[in-house]
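1. quick one: sequence and predicted model below, then my questions.
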Amino acid sequence: MRPTTSIRHITPEAFGEVRSQLSNLLLDTVALGASIGFLASIDAIEADAYWRGVEAAVAEGTRLLLVAEAGGEVLGSVQLDLCQRKNGANRAEVQKLIVHGAARRQGVASALMKAVEQEALARERGVLFLDTEAGAPAEVLYRGLGYTFIGGIPEYACTPGGRWTSNAIYYKTLFSRNGQGQA
């Protein structure tokens, strides 16, 4: 039986503890065909460089990184990119929700999404948005969590295997600043 999964907000100081596991998570996710911005040719060096970029954004305070862990093992992660423009202080983009293949269908993605919503609320971000590959299983998750589909762009991104595919854009209103209450 797997130990209880917990969600941890990764600070710049804690990044070194999880970077190699995050690289392995990214490599696993891409190998399983997830269209998350990388081609099948990704290697450990490219994965590490990506996470070093995320680490820099976390240190700048422009992005949050949450990981799901059990027994000291990183099972998944999600990022929240905080809009830095004054006219966008109410929004944030959910990025790179990824779960290790061995931990899928165990509630890890849902737990990460609920935690990222709480982090957004704590930072007074009332609107979250994200995109995913059109037709991907993640669409079922997002709809189930109350996200609204608003459209997609044809041939938006290339899958790891080299197929150009549309994206699906979603948003969720956590609260309204225009006096309409919480969504």
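-> Everything's here; your move. Numbers count the residues shown, from 1 in each chain.
2. report the contact partners of the residue nearest to P160 when sequence neighbours are not counted.
-> Distances taken as C-beta to C-beta, 6 or more residues apart in numbering place A40 nearest to P160, at 4.2 Å, with adjacent residues excluded. For every residue, glycine as well, the C-beta is placed using N, CA and C. For A40, the contacting residues are V30, A31, P160, G161, G162, by C-beta atoms under 8 Å, 6 or more residues apart in numbering.
3. kindly recompute the last result at 7 Å.
-> Contacts of A40 were listed using C-beta atoms under 7 Å, 6 or more residues apart in numbering, and they are V30, P160, G161.
4. list only buried entries from the residues you listed.
-> Among the contacts of A40, those scoring as buried are V30, P160 (criterion: 16 or more other C-beta atoms under 10 Å).
5. for this protein, what spans make up the strands?
-> When assigned using DSSP state E, the strands of the chain occupy the ranges 6-9, 63-70, 73-82, 91-99, 127-133, 148-151, 157-158, 164-165, 167-173.
6. now the contacts of A40 in CSV, with pLDDT and distance to R123?
-> Listed next are the contacts of A40 as CSV, based on pLDDT from 0 to 100; distance: C-beta to C-beta, whole Å:
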residue, pLDDT, distance to R123
V30, 96, 29
P160, 92, 32
G161, 91, 37
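7. any chance of JSON lines for the contacts of A40, columns distance to L65?
-> JSON lines is the format used below for the contacts of A40 (distance: C-beta to C-beta, whole Å):
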{"residue": "V30", "distance to L65": "18"}
{"residue": "P160", "distance to L65": "22"}
{"residue": "G161", "distance to L65": "27"}
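8. of all the contacts of A40, which comes closest to S23?
-> Comparing the contacts of A40 against S23 with C-beta to C-beta places V30 closest, at 10.9 Å.
9. now for the closest one: which residues touch it?
-> I36, F38, A40, I42, P160.
10. what two of those residues have the greatest distance between them?
-> Greatest spatial distance in the contacts of V30: I36 and A40, 11.9 Å, computed using C-beta to C-beta.
11. low-confidence ranges in the chain?
-> Counting by pLDDT under 70, the ranges of the chain that qualify are 1-3, 179-183.
12. go with 50
-> Low-confidence segments of the chain, defined by pLDDT under 50: 1, 183.
13. all helices of it, in order?
-> In the chain, the helices defined using DSSP state H lie at 15-31, 44-60, 108-122, 138-144.
14. if we can go back for a sec, dump the contacts of V30 into CSV; add distance to A59 as well.
-> Below are these laid out as CSV (distance: C-beta to C-beta, whole Å):
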residue, distance to A59
I36, 22
F38, 23
A40, 30
I42, 24
P160, 29
